[in-house]
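Novice: test case, fold it:
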Amino acid sequence: MLVRSAGWLAMWLGLATPALAENCRLALLLALDVSASVSPADDLLQRQGLARALLSPAVSDAFLAGDPVALQVFEWAGVSYQRALLPGWRMIRTEDELERVAEAIEGPLAPTLDRSRRRTAVGEALAFAHGTFDQSPDCRARTLDVSGDGRSNEGPTASETYARLPWGSITVNALVIQGPTREWGISRYFERFVLRGRGAFLVEADGYEDYRRAMEAKLLREIDEPLASRPATDSSGSSERG
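Specialist: A predicted model of the protein is given here:
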């Protein structure tokens, strides 16, 4: 256990240098749902899927082609739980840096949360992301990617958060994880209330077993096509809360 802890400490220290300002083409922030609907097994599939998608040859090549991409990842649940998985924004310049980020994402899980308190606060996750972008390098584009498998049921709605904070050029995409019954309303919810910006898009995963494929497809599109944003789509007349 001591050897394992020392190894993780060394890896985290290796990641501890903050991303420096340079000619960065994209600040990419990934948000992972760990609310009550996400079991520990699902969370493991989600983390492994993201780590392996980052290291796929096509995604790795996209990260390393041209000016660097700045990357940060956090997990979110209810209004009181948002946690960064990296010690700061990582500027991806080499394959080794991408590998270390992937290892950190697959690292030890956070202490188990009380499942009765792990609600779904999409608006609060967006607010946390907004604050995280305040610490990002000065890149030409900024993109948030929210993974989730359900509607918000706690805290401010996505629309309220968008109205309260200045989002400027931040684009918000989504990765929706469908359950066995294929609840199409979840995708409609994310399309109508969460997506934001010119060219914003949604990718669906057919369960957490399909997370890696969906994440890889989404990353390729985000890294290759960082676009400037437009205001969020008007969502008047529809219910946003789950």
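
Novice: pLDDT below threshold where in the chain?
Specialist: Counting by pLDDT under 70, the ranges of the chain that qualify are 1-22, 108-117, 180-184, 225-239, 241-242.

Novice: residue nearest the centroid of it?
Specialist: If you average the C-alpha coordinates of the chain and look for the closest C-alpha using CA atoms, centre = their mean, you land on L30, 1.8 Å from that point.

Novice: tell me the bridge partners for that residue.
Specialist: When bridges are taken as DSSP bridges, the partners of L30 come out as V73, D145.

Novice: contacting residues around it?
Specialist: With CB atoms under 8 Å, 6 or more residues apart in numbering as the criterion, the residues that contact L30 are L50, L71, Q72, V73, F74, D145, S147. Every residue, glycine included, has its C-beta placed from N, CA and C.

Novice: any idea which of those has the most stuff around it?
Specialist: Each of the contacts of L30 was scored for neighbours by other CB atoms under 10 Å, and S147 scores highest at 27 neighbours.

Novice: now for the strand or helix carrying A174, which elements pack on it?
Specialist: Using DSSP states H and E, A174 sits in strand 170-178. Where contact means 3 or more CB pairs under 8 Å, 6 or more residues apart in numbering; DSSP states H and E, strand 170-178 is packed against helix 122-133, strand 142-148, helix 184-189, strand 202-206, helix 211-224.

Novice: hmm, try it at 7 Å
Specialist: Using 3 or more CB pairs under 7 Å, 6 or more residues apart in numbering; DSSP states H and E as the contact criterion, the neighbours of strand 170-178 among helices and strands are strand 142-148, strand 202-206, helix 211-224.

Novice: can you give me the helices in the chain?
Specialist: Secondary structure of the chain (DSSP state H): helices at 2-15, 40-54, 57-64, 95-105, 122-133, 158-164, 184-189, 211-224.

Novice: any chance of the ones you listed in a markdown table, plus distance to Q178?
Specialist: Listed next are the helices of the chain as a markdown table, based on distance: least, CB to CB, whole Å:
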| stretch | distance to Q178 |
| --- | --- |
| helix 2-15 | 33 |
| helix 40-54 | 12 |
| helix 57-64 | 22 |
| helix 95-105 | 22 |
| helix 122-133 | 17 |
| helix 158-164 | 19 |
| helix 184-189 | 7 |
| helix 211-224 | 10 |
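
Novice: quick one, which of the ones you listed gets closest to G88.
Specialist: Shortest separation from G88 across those is recorded for helix 2-15, at 7.8 Å, computed as CB to CB.

Novice: any idea how far the nearest residue to L64 once chain neighbours are set aside is from S56?
Specialist: For L64, ignoring the flanking residues on the chain, the nearest one in space by CB to CB, 6 or more residues apart in numbering is E95 at 6.6 Å. In this structure, E95 and S56 are separated by 12 Å, where distance is defined by CB to CB, to the nearest Å.
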